[in-house]
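K.L.:
predicted coordinates and the sequence they were generated for:
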Amino acid sequence: MGKLYFPVIPIKGLLYHGYESIKAILVFSPSISRWVFVVSIRGYSKVWFSIDGKREWTYVSTHFDIIDLCAFKGKIYTLHSVYPAQARLSEIKLYPEPNVMKVKKTSSLMPPECSMSSMII
């Protein structure tokens with residue numbers, strides 16, 4: 001593997017939120033055959049991502065605030081706060097167009113690395 005290049009993330013005031021609010025992961029996406037750097041801020045509804053070699057950042061918006069995000073088998077998942085004491089798991093799809101898809105059965109489809117107990121604050 002050669003060097004990966006990602007431009008500076010264009011989120012204004014990123015450090016204002018504090019390091020503990022920022023979640024960043026690097027994942028290889030088989031759907032686009034590239035490395036993707038993914039960033040979110042806890043409590044916000046946008047997920048920013050940059051695809052290696054593209055030299056740009058793109059974001060997708062969700063309907064709910066993001067609690068956490070993780071990657072499993074090349075897929076990117078977000079956990080959202082829906083109502084008090086409720087959460088929703090979604091998958092971010094990068095191809096053909098970036099979007100957020102609700103995962104229907106969170107208990108059977110959620111990978112162990114993304115368990116609710118490890119993600120809830």
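P.N.:
Looks like it came in fine. Numbering: from 1, shown residues only.

K.L.:
so where do the helices sit in the protein?
P.N.:
Taking DSSP state H to define them, one finds helices in the chain at 106-109, 116-119.

K.L.:
what mean pLDDT does the first one get?
P.N.:
Helix 106-109 comes out with an average pLDDT of 44.

K.L.:
now stretch 51-67
P.N.:
89.

K.L.:
which outside residues touch it?
P.N.:
By CB atoms under 8 Å, 6 or more residues apart in numbering, the surrounding residues in contact with stretch 51-67 are 4-7, 9-10, 29, 32, 34-37, 40-50, 78-82, 87-88, 90, 92, 94, 98-100, 119-121. Where C-beta positions appear, they are placed from N, C-alpha and C, glycine not excepted.

K.L.:
what is the neighbour count of F28?
P.N.:
The number of residues packed near F28 is 14, by other CB atoms under 10 Å.

K.L.:
and A87, by the same measure?
P.N.:
Under the neighbour criterion other CB under 10 Å, A87 is assigned a count of 16.

K.L.:
who's it bridged to?
P.N.:
S81 (DSSP bridges).

K.L.:
and the gap between it and L4?
P.N.:
31 Å (CB to CB, to the nearest Å).

K.L.:
over to T78?
P.N.:
The gap separating T78 from L4 is 22 Å, by CB to CB.

K.L.:
these two: which is more packed in?
P.N.:
Applying other CB under 10 Å to T78 and L4 shows that T78 carries more neighbours, namely 26 against 12.

K.L.:
need the pLDDT of that one.
P.N.:
Per the predicted model, pLDDT is 91 at T78.

K.L.:
just the buried members of the contacts of stretch 51-67?
P.N.:
Among those, those classed as buried by 16 or more other CB atoms under 10 Å are 6, 9, 29, 35-37, 40-42, 45, 47-50, 78-81, 87-88, 90, 92, 94, 100, 119.

K.L.:
which of these fall in strands?
P.N.:
Taking DSSP state E, the ones among those that sit in strands are 29, 35-37, 40-41, 47-50, 78-81, 87-88, 90, 92, 100.

K.L.:
what pairs with the residue most central in space within the chain across the strands?
P.N.:
Nearest residue to the geometric centre of the chain (CA atoms, centre = their mean): L69, 4.7 Å. When assigned by DSSP bridges, L69 has beta-bridge partners T78.
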